[in-house]
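Asker: From the sequence below, what's the structure:
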Amino acid sequence: MLSKKIENQLIFKYKFTFCTLVTKYAEYEEMINSAKNAGFDGIDVEYLYFDNKNSNVYDGYSGINRAIREAQGEYLIFCHQDIIFHDDQRYQLEQCLTELEVLDSTWAIAGNAGRDEHGYSAVRISDPNGANVREGQFPYSVSSLDENFLVINRKNNIGCSVGLSGFHLYGTDLCLNAIDLGYKAYAIDFHLLHKSVGTLDKSFFDSREQFIEFYRLRRQTKVIYTMCTIFLISKYKILLRLFDKTEKFRKKIIKFKKYL
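Answerer: Below you'll find the predicted structure:
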């Protein structure tokens, strides 16, 4: 019988793999060119993309899971097509990741904007809401990350929930799954430009309702903080209705959530 010994050290072909859902190819090219100008170039970087120009072949959840299977880089950068690497360079991201590795080798995902389970945030970004925003301390342990820029540490095996779909909250789902497995998620001090702030349209609120329904029987009552919304997951539907209905009740739940 043929057999092969599993080596202790994982071997990656590249240092970084970039992967993006693409609907506007010109905008994607602008992002790629800015990344290369920032030092993400050469034989140790690969670029992959999902062609969603005509139809949404992949969404955030399925896209990340497929990218994790396809990527050959040690670090998978899953990012929006409308970001620009305009300030910080590759060496600065590498410094952030080295710092994370020394601080906590269980880190599985990092990003430039996130919130912890108490609602405190750490943000390093320029976007239409403000230039050169620096909020919080870095690196900062979080339970959700904004999807504009995600760095997945492929040495630690994580992925998105297969029961969810869409283009919102997959960063939060990825963080929660990582934490459940004993890993950590962090906001890091890496500055880039995000040309949009996102849209809280019907698809967003549909995704949020799907997220709540998916998780409500899988977790104890818990307040979820993301960069753009706060909501409750609970098996008790009356709590869900009251949480969304009144600000006063929302504050009570947040205050006493540890007892639920």
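Asker: next one: stretch 226-242 to chain centre, how far?
Answerer: On the basis of CA atoms, centre = their mean, to the nearest Å, stretch 226-242 sits 20 Å off its chain's mean C-alpha point.
Asker: Run through who's touching that stretch.
Answerer: For stretch 226-242, contacts defined as CB atoms under 8 Å, 6 or more residues apart in numbering pick out 113-115, 119, 121, 123, 144, 146, 169, 171-172, 198, 200, 204, 208, 211-212, 215-217, 219-224, 243-244, 249-250, 253, 260. Just so you know, the C-beta spots here come from the backbone N, C-alpha and C atoms, and that holds for glycine as well.
Asker: same thing but at 7 Å, please
Answerer: 113, 115, 121, 144, 146, 169, 172, 198, 200, 208, 212, 215-217, 219, 221-224, 243, 249, 253 (CB atoms under 7 Å, 6 or more residues apart in numbering).
Asker: List the buried residues of it.
Answerer: By neighbour count with 16 or more other CB atoms under 10 Å, stretch 226-242 contains the buried residues 226-229, 231-234, 239-240, 242.
Asker: Tell me how far R69 lies from L169.
Answerer: When CB to CB, to the nearest Å is the yardstick, R69 and L169 sit 21 Å from each other.
Asker: Pull up the pairing partners for the lengthiest strand in the chain, direction included.
Answerer: For the chain, the strand reaching the highest residue count under DSSP state E is reported as strand 14-22. Take DSSP bridges as the rule and strand 14-22 pairs in its sheet with strand 45-51 (parallel), strand 73-79 (parallel).
Asker: Which of the buried residues of stretch 226-242 fall in helices?
Answerer: Counting by DSSP state H, the members of the buried residues of stretch 226-242 that fall within helices are 239-240, 242.
Asker: For Y61, state which of those residues is nearest.
Answerer: Distance ranking of those against Y61, using CB to CB, places L240 first at 22.1 Å.
Asker: V133 reaches S121, doesn't it?
Answerer: No - the criterion here is CB atoms under 7 Å, and V133 misses it with S121 at 10.5 Å.
Asker: Between the two, which has more neighbouring residues?
Answerer: Looking at V133 and S121 with other CB atoms under 10 Å, you find the greater number of neighbours at S121, namely 18 against 14.
Asker: Which parts of the stretch 101-250 of the chain are helices?
Answerer: Counting by DSSP state H, counting those that start in this stretch, one finds helices in the stretch 101-250 of the chain at the ranges 170-180, 202-215, 237-245, 247-256.
Asker: Pipe these into a markdown table and attach mean pLDDT per row.
Answerer: Converted to a markdown table, these look like this (pLDDT from 0 to 100):
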| stretch | mean pLDDT |
| --- | --- |
| helix 170-180 | 97 |
| helix 202-215 | 93 |
| helix 237-245 | 79 |
| helix 247-256 | 56 |
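Asker: would CSV of the ones you listed with distance to K36 be doable?
Answerer: Below are the helices of the stretch 101-250 of the chain laid out as CSV (distance: least, CB to CB, whole Å):
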stretch, distance to K36
helix 170-180, 25
helix 202-215, 32
helix 237-245, 45
helix 247-256, 44
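Asker: any idea which of those is most buried?
Answerer: Sort those by mean neighbour count, taking mean count of other CB atoms under 10 Å, and helix 170-180 sits at the top with a mean of 23.
Asker: and it, what other elements does it pack with?
Answerer: Counting contacts by 3 or more CB pairs under 7 Å, 6 or more residues apart in numbering; DSSP states H and E, helix 170-180 packs against helix 60-70, strand 107-111, strand 144-145, strand 184-187.
Asker: mind redoing it with 8 Å?
Answerer: Secondary structure elements in contact with helix 170-180, counted by 3 or more CB pairs under 8 Å, 6 or more residues apart in numbering; DSSP states H and E, are helix 60-70, strand 107-111, strand 144-145, strand 149-153, strand 184-187, helix 202-215.
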